[in-house]
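Participant: Fold the stuff below for me.
(one chain, ligands or ions: 1)
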Amino acid sequence: MTSNTNADVRIVATGLYTPPNAISNDELVASFNKYVDEYNAANAADIERGATEPLQKSSAEFVEKASGIKSRYCIDRDGILDTSRMAPRIPERPNGDLAVLSEIAVFAARDAMRAADLKPADIDGVICAASNMQRGYPAVAVEIQDALGIDGFGFDMNVACASAAFGIETGLGLIRAGARRILMVNPEICTAHLNFRDRDSHFIFGDVATAVMLERADGPSKGDAWDILGTKLLTKFSNNIRNNFGFLNHCERETGAAPDAQNDPHTDKLFVQEGRKVFKEVVPMVSECISDHLASVGVAPDAVKRFWLHQANLAMNEFIARKVLGRDANRTEAPVVLDEYANTSAAGSIIAFHKHRSDFAAGDVGVICAFGAGYSAGSVIVRKSA
Ligand code: COA
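Facilitator: Numbering: from 1, shown residues only. Modelled structure (predicted):
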């Protein structure tokens, strides 16, 4: 679906919350390799007689080369690095306390509200667009709305890593239907759905929250305004990136589902992917999505000053930019934040947009593009307002 809006809706601010803790590749790999040693020692007899495969060590060099990731931020470091656990320690809070996912979204939202000098009364609704909702209901967005003191409404939506682009399109539709301003937030606690015992993927994700403020473009703006020239959304079913966590797991437990080879019954309820297939299939889908979208709004690829792409894998982004431009893009044209943040799912392209846009002059055009599981892709073409 392509929607061209005649620039009647604009982005007026973004916000970012970066957790205070970080884990470097060296630290993460040291913990993984300690786990491997412990596992192989504990299973030495079975490994010796060929009944169990020994686990292989990870390498910081491989991680950086295969993904471009050097570090990641996280809500909790110690639980991830503790080899007896290898999962963040994020205690449940009483129902009366602000949920952790809402809390980080509120930080990002306040950052955006400050940037655009907006009060809660200026905002009509909140969309929480993210990959991993903390609970079924009440919607996390409603809790964020309440914490910020916003009248109106809130709802959650999930299109995995493409959620922010779909959230912008949804906010745009609500504004066209009569709302004045919509706050769209992307809190992502990705470390809670990552299997830190899986060598192929233990390095992929980090935690963060972003926010985007959308408003009707019918008067002067107090913020850093970006006209939305068009949005394009696309999905195509694939099992190659999947997370089976959900409410039916509760029913499944009664069937006595067998634990996996590494004795973790929850592995299937965490992130799994066929990384190579994802790479091969998503690159053409996303590059076509961007190229078709630019053609549909009459913008030549070379006229695009910047591509703020989803941050999953450096080589993937380089391929996508090369396919769209017909040449290599430099880091100014396609900025990278995944070296510092890793993959932050829905938030990645918004972090890139948040951090790399201050050099734009009125009339300059850029593309925010988010993509991921589903498969899903969403492209938003923006132009710096006068
Ligand atoms: N440390 C050291 N070596 C590792 C390793 C690790 N942590 N993980 C895998 N390897 C090894 C493998 O054993 C394999 O060795 P072999 O060639 O001797 O068999 C080799 O590295 C290549 O493994 P492979 O899994 O094929 O790596 P890759 O080059 O495809 O890179 C990804 C893996 C996940 C980084 C890459 O496929 C990717 O990024 N895909 C897209 C993922 C994506 O964007 N997902 C979206 C999520 S929202």
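Participant: how far away is the residue in the stretch 201-350 of the chain that the ligand sits nearest to from Ile204?
Facilitator: Scanning the stretch 201-350 of the chain for the residue nearest the ligand gives Gly275, at 2.7 Å (criterion: C-beta to the nearest ligand atom). Backbone N, C-alpha and C define where each C-beta goes, glycine included. Distance, Gly275 to Ile204, by C-beta to C-beta, to the nearest Å: 9 Å.
Participant: ranges for the helices of the stretch 51-200 of the chain?
Facilitator: In the stretch 51-200 of the chain, the helices defined using DSSP state H, counting those that start in this stretch lie at 60-67, 78-81, 100-115, 140-148, 163-176.
Participant: who wins for proximity to Ala225 among those helices?
Facilitator: Smallest distance to Ala225 across those (C-beta to C-beta): 11.2 Å, for helix 100-115.
Participant: So which other helices or strands are in contact with the closest one?
Facilitator: Contact here means 3 or more C-beta pairs under 8 Å, 6 or more residues apart in numbering; DSSP states H and E; on that basis helix 100-115 packs against strand 9-17, helix 140-148, strand 181-189, strand 207-216.
Participant: So for Gly275 and Ile204, which sits in the more crowded spot?
Facilitator: Ile204 (25 against 18; other C-beta atoms under 10 Å).
Participant: Now do the contacts for the residue of the stretch 201-350 of the chain closest to the ligand.
Facilitator: For Gly275, the contact set (C-beta atoms under 8 Å, 6 or more residues apart in numbering) comprises Asp200, Ser201.
Participant: Asn343 contacts Cys190, correct?
Facilitator: Yes: applying C-beta atoms under 8 Å as the test, Asn343 and Cys190 come out as touching, 6.9 Å apart.
Participant: Which neighbours do those two have in common?
Facilitator: Contact criterion C-beta under 8 Å, 6+ apart; residues shared by Asn343 and Cys190: Phe205, Gly206.
Participant: Span of stretch 218-234 from start to end?
Facilitator: Terminal residues of stretch 218-234 lie 29 Å apart, using C-alpha to C-alpha, to the nearest Å.
Participant: in that stretch, what's buried?
Facilitator: By neighbour count on 16 or more other C-beta atoms under 10 Å, the buried set for stretch 218-234 is 221, 223-234.
Participant: same thing with stretch 49-59?
Facilitator: Those would be Thr52, Leu55, Ser58, for stretch 49-59 by 16+ other C-beta under 10 Å.
Participant: Closest to Ser31 out of the residues you listed?
Facilitator: Ser58 (9.5 Å).
Participant: Show me which residues of the stretch 151-300 of the chain sit near the ligand.
Facilitator: Within the stretch 151-300 of the chain, the residues that sit near the ligand (C-beta under 6 Å from any ligand atom) are Cys161, Arg199, Asp200, Ile241, Gln273, Gly275, Arg276, Val278, Phe279.
Participant: in terms of contact, does the first one touch Phe371 like I think?
Facilitator: In this case it means Cys161. Yes: counting by C-beta under 8 Å, Cys161 touches Phe371, with 6.2 Å between them.
Participant: quick one, strands of the stretch 251-386 of the chain?
Facilitator: For the stretch 251-386 of the chain, the strands defined by DSSP state E, counting those that start in this stretch occupy 272-273, 304-309, 365-372, 376-384.
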